[in-house]
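*Asks:* I would like the atomic coordinates for the input below:
(one chain, ligands or ions: 2)
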Amino acid sequence: MQSKNKAAPTKAEREHIVRIKEMPCGVCEAPGPSEAHELRQGEWHTSIPLCADCHRGSFNGIHGQQRIWKVKRLDELAVLNNTIAALV
Ligand SMILES: [Zn+2]
Ligand SMILES: [Zn+2]
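*Replies:* Residues are numbered from 1 along each chain as shown. Ligands and ions are numbered 1, 2, ... in the order given. Sure thing, here's the model as predicted:
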C-alpha cells in the first residue's frame, strides 16, 4: 500500500523488488511470485519475499498472529538473511 509520505522507489530499488517478488516465500517456501514485505517502510532493500498467507494472513501472516513464523522459528531478520544469501 502506497502511503503519502512514503518515497517512491528508485530504479535500483524497483529492480530489486522485481527480483524479490520472483523468489519463493521466505517462510513456507511456496513458489513465487511472492509479495515483497519491507522490514522498514520505504527501505526497499530490506524487502523479503512472502506468500499472501505468510504476509497478510490473519493467522499466519507477519501482519497477523505470525503463527507459521513461530512454528518455523523465523523472524524478519532471519528471512532477510536467507533472502540476501539466495540473491548473491
Ligand atoms: Zn509462505
Ligand atoms: Zn508487509
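*Asks:* what residues does stretch 68-76 touch?
*Replies:* When contacts are defined by Cβ atoms under 8 Å, 6 or more residues apart in numbering, stretch 68-76 is touched by residues 26, 27, 28, 37, 39, 48, 53, 54, 60, 62. From N, CA and C alone the C-beta is placed, and that goes for glycine too.
*Asks:* Filter those down to the buried ones.
*Replies:* Judged by neighbour count, with 16 or more other Cβ atoms under 10 Å as the criterion, the buried members of the contacts of stretch 68-76 are 26, 27, 28, 37, 48, 53, 54, 60, 62.
*Asks:* Tabulate those in JSON lines, adding columns for pLDDT.
*Replies:* Listed next are the buried ones among the contacts of stretch 68-76 as JSON lines, based on pLDDT from 0 to 100:
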{"residue": "26", "pLDDT": "98"}
{"residue": "27", "pLDDT": "98"}
{"residue": "28", "pLDDT": "98"}
{"residue": "37", "pLDDT": "98"}
{"residue": "48", "pLDDT": "98"}
{"residue": "53", "pLDDT": "98"}
{"residue": "54", "pLDDT": "98"}
{"residue": "60", "pLDDT": "98"}
{"residue": "62", "pLDDT": "98"}
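*Asks:* Specify the local secondary structure of residue 12.
*Replies:* At residue 12 the chain is in helix, as set by DSSP: H, G, I helix; E, B strand; the rest coil.
*Asks:* burial count for it?
*Replies:* Residue 12 is flanked by 10 other residues according to other Cβ atoms under 10 Å.
*Asks:* picking that back up, same list (the buried ones among the contacts of stretch 68-76) but as TSV, adding distance to ligand 1.
*Replies:* Below are the buried ones among the contacts of stretch 68-76 laid out as TSV (distance: Cβ to the ion, whole Å):
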residue	distance to ligand 1
26	8
27	5
28	3
37	11
48	11
53	6
54	3
60	7
62	10
